[in-house]
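Trainee: Provide a 3D model corresponding to the input given below.
(2 chains)
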Amino acid sequence: MTDVERSENGGRSRAGRGGNVLGYLGTLNENSMRDQDRSNERQVVIYVCLWTLTLVSTAVIKGLGQFQQPIIAFIFLLSLIPAALAVKSYLKMLREADEMFRTRQLEALAVGFGAGFISGTTVIFLEIPGALGAIAIVAPMTLGFFARMVLAGREAARDASAAIDANEEMQ
Amino acid sequence: MKNRLHVLRAERRLSQATLAEMLDVSRQTVNAIEVGKHDPSLTLAFRIAAIFDAPIEDIFLGLEEAVEALKAIRESTQA
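Mentor: Modelled structure (predicted):
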């Protein structure tokens, strides 16, 4: 295998690193992702960041205690706009995604949902109150999703290395 | 699913990246199919067959039983 081919195949060293955060979100080494997937993924990340920003801003504004309840409710409703756009762009990303990319995303969603469902049920039965209860649901859901993504990314990197080894053995 | 994609690709001196581009998928999808970690969709399988100008069952191994069963069904419906 030539250096060029090795490079095209992701290369052992690059595959070993497993790509960056965006690559892990897609569970594929970002260098090997299609432009379309990369662009769609970037759009999702932007909307999620925007939503987080508006949500945190709402919490800060509420914490200041200088605004009346209807204004806070209005600001909160504004934060739903980037949230809706994030969901819409995520659906678009899934629909247009490369099929392995989509499989990995759905697997990660299943793990995240499963973790959230189990922790949510636990929260209900243990009657964990307030913010702690909410964190006990959201944290496992998020961690489950990203843990599956990272594992899938590492698995893909291992497969790439195995393919390079197989090529070298054939030659 | 076992397949001959790696062999066919090597015969035509195509890199994974080039084949991925031709199939409009990521290079890692091609790699995952080659190592048997990912079963392609029907659409992708047909595209692969078209590129290598070979029947699907000649590329993806272990489909013989399914093909025979389909032939039997076809014959029984025609009879």
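Trainee: where along chain B do the helices fall?
Mentor: Applying DSSP state H to chain B gives helices spanning B:5-11, B:16-23, B:27-34, B:42-52, B:56-59, B:64-78.
Trainee: over to chain A?
Mentor: Counting by DSSP H, residue ranges of the helices within chain A are A:3-8, A:12-17, A:21-25, A:35-64, A:69-96, A:99-126, A:130-170.
Trainee: re the thing from before, can you say which of the helices of chain B is packed in most?
Mentor: The highest mean neighbour count among the helices of chain B, using mean count of other Cβ atoms under 10 Å in any protein chain shown, belongs to helix B:27-34: a mean of 27. To be clear about C-beta, it is placed using only N, CA and C from the backbone, and glycine gets the same treatment.
Trainee: next, the angle from that helix to helix B:16-23.
Mentor: Put simply, helix B:27-34 runs at 100 degrees to helix B:16-23, going by axes from the mean of the first three to the mean of the last three Cα atoms, to 10 degrees.
Trainee: tell me what helix B:27-34 is packed against?
Mentor: In this structure, helix B:27-34 packs against helix A:99-126, helix A:130-170, helix B:5-11, helix B:16-23, with contacts taken as 3 or more Cβ pairs under 8 Å, 6 or more residues apart in numbering or on different chains; DSSP states H and E.
Trainee: now the angle from the second one to helix B:16-23?
Mentor: The directions of helix A:130-170 and helix B:16-23 differ by 110 degrees, with the same axes, to 10 degrees as the criterion.
Trainee: rounded mean pLDDT for helix A:130-170, please.
Mentor: Mean pLDDT, helix A:130-170: 81.
Trainee: so what does that helix touch, helix or strand wise?
Mentor: Judged by 3+ Cβ pairs under 8 Å, 6+ apart, helix A:130-170 is in contact with helix A:12-17, helix A:21-25, helix A:99-126, helix B:27-34.
Trainee: contacting residues for the residue nearest to A:Val111 when sequence neighbours are not counted?
Mentor: Excluding its sequence neighbours, the residue lying closest to A:Val111 (Cβ to Cβ, 6 or more residues apart in numbering or on different chains) is A:Arg148, at 4.1 Å. With contact set as Cβ atoms under 8 Å, 6 or more residues apart in numbering or on different chains, A:Arg148 has these partners: A:Arg104, A:Glu107, A:Ala108, A:Val111, A:Gly112.
Trainee: ditto for B:Leu8
Mentor: Taking Cβ under 8 Å, 6+ apart, we find B:Leu8 in contact with B:Phe52, B:Ala54, B:Ile59.
Trainee: Throw the residues you listed into JSON lines and include distance to A:Gln68 and pLDDT, thanks.
Mentor: Below are the contacts of B:Leu8 laid out as JSON lines (distance: Cβ to Cβ, whole Å; pLDDT from 0 to 100):
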{"residue": "B:Phe52", "distance to A:Gln68": "68", "pLDDT": "93"}
{"residue": "B:Ala54", "distance to A:Gln68": "71", "pLDDT": "90"}
{"residue": "B:Ile59", "distance to A:Gln68": "67", "pLDDT": "89"}
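Trainee: my read: B:Pro55 touches B:Ala49, true?
Mentor: Yes. Counting by Cβ atoms under 8 Å, B:Pro55 touches B:Ala49, with 6.4 Å between them.
Trainee: helices and strands of chain A: which one bottoms out on pLDDT?
Mentor: Here the helix or strand of chain A ranked lowest by mean pLDDT, DSSP states H and E is helix A:12-17, holding a mean of 40.
Trainee: next one: B:Arg9 from chain A, what distance?
Mentor: B:Arg9 sits 10 Å away from chain A, taking Cβ to the nearest Cβ, to the nearest Å as the criterion.
Trainee: ok, that residue touching B:Gln16?
Mentor: Yes. Judged on Cβ under 8 Å, B:Arg9 makes contact with B:Gln16 at a distance of 7.3 Å.
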